[in-house]
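> here is my input, please return the structure:
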Amino acid sequence: MRDIRNILSVLLLLGLSYSQGNVTFKVDMQNLVNVENVYIAGSFQEWQPGATELTDEDGDMIYEITLNLTEWVGSTVEYKFLTGSEWEGISNRTLIVPNEDTILSEVCFNSLVPCPIL
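All right, here's what the predicted structure looks like:
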C-alpha cells in the first residue's frame with residue numbers, strides 16, 4: 001500500500017510540474033466602439049491572426065485567454081492583439097515566459113499602459 005502511495009505522489013508531482021508555463025493574457029477593449037472577435041497572435045503560434053481567440057466571459061470588455069507556453073519557458077516571445085482584422089498599431093509586446101503559471105495584468109488595446117477607468 002505504501003508503494004502505491006509513493007507512486008501516486010510522484011505522479012501528482014509530475015502532473016503539477018507539467019502544468020507550469022500556463023500564461024493568461026488579458027486585453028482591455030473598452031476604448032473601442034466596435035469590437036469584433038479578439039485574438040492574440042505571436043511567435044508562439046507562428047503569427048496566425050485568427051487562430052487564437054480570447055473571450056470575455058463576464059462582459060467587462062477585458063478579453064482573456066490562458067495558453068500553455070511550457071516549451072517556451074525561459075525564452076522571449078513576441079505577440080500582439082487584434083480585433084477582427086485590425087492589428088494593434090504598436091510595437092510587438094514581449095514576454096519572457098516564466099517557469100510558473102502566470103496571470104498577466106490587463107493592457108489597453110493598442111497601448112502599452114492600462115486603460116483609464118471610465
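> now the residue most central in space within the chain. Its backbone dihedrals?
The C-alpha lying nearest the average C-alpha coordinate of the chain belongs to Phe25 (Cα atoms, centre = their mean; 2.9 Å). With angles defined as degrees, to the nearest 10, Phe25 sits at phi -100, psi 140.
> what bits of this structure have low per-residue confidence?
1-19, 118 (pLDDT under 70).
> that one: strands as residue ranges?
22-28, 38-42, 62-68, 76-83, 86-87, 93-96, 102-103, 107-108 (DSSP state E).
> most neighbours per residue, which of those strands?
strand 38-42 (a mean of 22; mean count of other Cβ atoms under 10 Å). C-beta: built from backbone N, CA, C; applies to glycine.
> and that one, what does it pack against?
strand 22-28, strand 62-68, strand 76-83 (3 or more Cβ pairs under 8 Å, 6 or more residues apart in numbering; DSSP states H and E).
> how about 6 Å then?
strand 76-83 (3 or more Cβ pairs under 6 Å, 6 or more residues apart in numbering; DSSP states H and E).
> in its sheet, what does the strand it packs on sit against?
strand 38-42 (antiparallel), strand 86-87 (antiparallel), strand 93-96 (antiparallel) (DSSP bridges).
> related to what we said a few turns ago, dump the strands of the chain to a markdown table, plus distance to Pro114.
Listed next are the strands of the chain as a markdown table, based on distance: least, Cβ to Cβ, whole Å:
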| stretch | distance to Pro114 |
| --- | --- |
| strand 22-28 | 7 |
| strand 38-42 | 17 |
| strand 62-68 | 10 |
| strand 76-83 | 14 |
| strand 86-87 | 20 |
| strand 93-96 | 14 |
| strand 102-103 | 15 |
| strand 107-108 | 6 |
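> just to revisit the earlier point, dump the strands paired with strand 76-83 to a markdown table, plus distance to Cys115.
Below are the strands paired with strand 76-83 laid out as a markdown table (distance: least, Cβ to Cβ, whole Å):
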| stretch | distance to Cys115 |
| --- | --- |
| strand 38-42 | 14 |
| strand 86-87 | 17 |
| strand 93-96 | 15 |
